[in-house]
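Asker: Okay, here's the prediction I keep looking at, along with the sequence it came from:
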Amino acid sequence: MLRPAGVGRIALGGPRRMARHQRGEETLKASELDLSKVLEFQPALGKILLGNDRMLLFRQDAFASLRKLLYEQLGETMARAMLMQFGHRCGAGDHESISSQYPWDTELDELAAGPMMHNWEGIVSVEVSTIDFDRQTGRFHLMARWRNSYEADVHVRTFGPSSSPVCHSLTGYASGWCSSFLGAPALAIEHACAGMGAPECRVEIRTPDAWGPEADPWKQSLAATNYSIARELEDKLMTIERQRAAISALSTPIIKVWDGVLALPLIGVMDSARAAQVTEALLEAVVQSGSRYILLDLTGIDVVDTTTANHFVKIIRAVALLGAKLIVTGIAPPVAKTVVGMGVDLDRVQTLATLEDGLKACILQMS
């Protein structure tokens with residue numbers, strides 16, 4: 001795939017012809033676009049030049065990897081917005097650059113150069129079927145068929161067939177080129193897409209006010225500013241953080257079961273990260289509540305290894321340093337056997353069969 005390294009001047013035709021175009025001695029026809037005659041490879045400098053512009057040649061598979069990352073890391077909505085805005089800037093920049101340097105033979109040539117650029121760049125094969133425009137009144141309507149869309153190809157290869165159109169950078173480019181040509185916003189949408197299993201893509205371009213609700217996804221993608229994209233990403237991160245906090249709270253459910261008595265029922269696996277989280281939450285709860293007794297219920301712990309047992313010992317010691325007493329309840333026979341076999345010292349820790357027994361013991365000791 002060949003793309004400009006940045007928005008800038010794009011040279012068309014041979015050097016002499018290019019000079020005549022620049023001096024205004026000749027007008028430019030869309031049919032005269034021939035990138036094969038002006039690409040200059042400079043491997044010693046690590047450059048490919050199109051006139052004075054640096055171009056980038058990279059694999060389609062590389063774009064597929066980038067697209068996959070965008071979808072996975074940002075989600076479909078933001079990925080679509082970024083790809084469409086990228087295409088829009090390419091299309092508008094290409095039109096502005098060419099039109100500022102070369103006089104067009106006709107307005108139709110100027111407009112038709114956009115599809116020709118896509119053809120030459122290996123992006124997609126474009127066949128225009130309908131063109132109707134009037135720059136003075138702002139009327140614009142274009143319909144075309146896209147064949148061999150690289151974007152549909154990489155999407156299907158990466159994600160499989162889609163339930164919605166996927167040629168976001170292509171519709172962005174078409175929107176950008178036509179908007180720059182018209183001097184007013186134009187919006188391209190896909191009615192059919194090869195990424196959805198259609199034999200070809202069908203695109204239509206109108207001014208935004210000429211579209212109905214069917215164009216809303218494309219409108220929203222182009223309307224998404226850097227701020228709105230960043231804000232949506234921030235909202236997603238905040239949602240993840242709230243979910244993490246909720247899960248964290250569920251994994252350390254500290255319950256006040258009596259005045260001065262807290263219960264902490266543990267379920268599942270106790271690794272180092274969770275042990276640190278449990279210890280911190282429990283100590284904070286002891287200090288805030290002023291509780292004198294802690295019931296550590298292990299009914300939901302089925303497997304204990306040396307590391308897990310040592311975590312329990314550290315929790316018990318930490319609670320003792322705050323002047324509170326910790327009672328362990330609900331130790332299952334396999335867990336008890338494992339703890340004894342490991343030689344873990346729990347002689348100073350009161351253990352009882354059930355959480356109910358532990359609560360009764362706390363009440364008796366407080367009375």
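Answerer: Received it, and whenever you're ready, just let me know what you need. Source: prediction; values computed, not measured.

Asker: For the stretch 101-250 of the chain, which segments are assigned as strands?
Answerer: Taking DSSP state E, counting those that start in this stretch as the criterion, the stretch 101-250 of the chain carries its strands at 125-134, 139-147, 187-192, 201-206.

Asker: Can you say which of those strands is nearest to residue 319?
Answerer: Closest of the strands of the stretch 101-250 of the chain to residue 319 is strand 187-192, at 63.2 Å (criterion: C-beta to C-beta). Where you see a C-beta, it was placed from the backbone N, CA and C, and this is true even at glycine.

Asker: packing partners for that closest one?
Answerer: Applying 3 or more C-beta pairs under 8 Å, 6 or more residues apart in numbering; DSSP states H and E, one finds that strand 187-192 makes contact with helix 168-182, strand 201-206, helix 216-223.

Asker: winner for burial among the ones you listed?
Answerer: Comparing the helices and strands packed on strand 187-192 by mean neighbour count (mean count of other C-beta atoms under 10 Å), helix 168-182 comes out on top with a mean of 26.

Asker: Tell me what angle that helix forms with strand 125-134.
Answerer: Helix 168-182 and strand 125-134 are oriented at 30 degrees to each other (axes from the mean of the first three to the mean of the last three C-alpha atoms, to 10 degrees).

Asker: Make a markdown table from the strands of the stretch 101-250 of the chain and add distance to residue 320 and mean pLDDT to it.
Answerer: Formatted as a markdown table, the strands of the stretch 101-250 of the chain follow (distance: least, C-beta to C-beta, whole Å; pLDDT from 0 to 100):
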| stretch | distance to residue 320 | mean pLDDT |
| --- | --- | --- |
| strand 125-134 | 77 | 94 |
| strand 139-147 | 73 | 96 |
| strand 187-192 | 68 | 97 |
| strand 201-206 | 71 | 97 |
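
Asker: Pick the most deeply packed of those strands.
Answerer: Per stretch, and counting mean count of other C-beta under 10 Å, the top mean among the strands of the stretch 101-250 of the chain goes to strand 201-206, which has a mean of 23.

Asker: Which elements pack onto that one?
Answerer: When contacts are defined as 3+ C-beta pairs under 8 Å, 6+ apart, strand 201-206 packs onto strand 139-147, helix 168-182, strand 187-192.

Asker: contacts for the first one?
Answerer: By that I understand strand 139-147. Strand 139-147 is contacted by residues 111, 115, 124-134, 167, 170, 178, 182, 184, 186, 194, 200-207, 210 when judged by C-beta atoms under 8 Å, 6 or more residues apart in numbering.

Asker: partners of it, with directions?
Answerer: The pairing partners recorded for strand 139-147 under DSSP bridges are strand 125-134 (antiparallel), strand 201-206 (antiparallel).

Asker: quick one: which of the helices and strands packed on strand 201-206 is nearest residue 276?
Answerer: Relative to residue 276, the nearest member of the helices and strands packed on strand 201-206 by C-beta to C-beta is helix 168-182, separated by 44.0 Å.

Asker: starting at the chain centroid, how far to the closest one?
Answerer: Chain-centre distance of helix 168-182: 23 Å, with C-alpha atoms, centre = their mean, to the nearest Å.

Asker: what's the angle from that helix to strand 187-192?
Answerer: Going by the same axes, to 10 degrees, helix 168-182 makes 140 degrees with strand 187-192.

Asker: avg pLDDT for helix 168-182?
Answerer: Helix 168-182 comes out with an average pLDDT of 96.

Asker: and that helix, what other elements does it pack with?
Answerer: Under the contact definition 3+ C-beta pairs under 8 Å, 6+ apart, helix 168-182 sits against helix 76-101, helix 107-120, strand 139-147, helix 150-159, strand 187-192, strand 201-206, helix 216-223.

Asker: TSV for the ones you listed, including distance to residue 29?
Answerer: Converted to TSV, the helices and strands packed on helix 168-182 look like this (distance: least, C-beta to C-beta, whole Å):
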stretch	distance to residue 29
helix 76-101	12
helix 107-120	5
strand 139-147	18
helix 150-159	26
strand 187-192	23
strand 201-206	21
helix 216-223	30
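
Asker: between the ones you listed, which one is nearest to residue 321?
Answerer: Comparing these by C-beta to C-beta, helix 76-101 comes nearest, at 48.4 Å.

Asker: Mind checking the pLDDT average for the closest one?
Answerer: Mean pLDDT, helix 76-101: 87.

Asker: so what secondary structure elements neighbour it?
Answerer: If you count contacts as 3+ C-beta pairs under 8 Å, 6+ apart, helix 76-101 packs onto strand 2-4, helix 60-74, helix 107-120, helix 168-182, helix 216-223, helix 226-251.

Asker: so which of the ones you listed comes closest to residue 362?
Answerer: The minimum distance between residue 362 and the helices and strands packed on helix 76-101 falls on helix 226-251, with 23.7 Å, by C-beta to C-beta.

Asker: Which SSE is immediately downstream of the closest one?
Answerer: Moving toward the C-terminus from helix 226-251, the next helix or strand (DSSP states H and E) is strand 255-258.

Asker: Tell me the buried residues in that following strand?
Answerer: Residues of strand 255-258 classed as buried: residue 257 (neighbour count, 16 or more other C-beta atoms under 10 Å).

Asker: Many thanks, have a good one.
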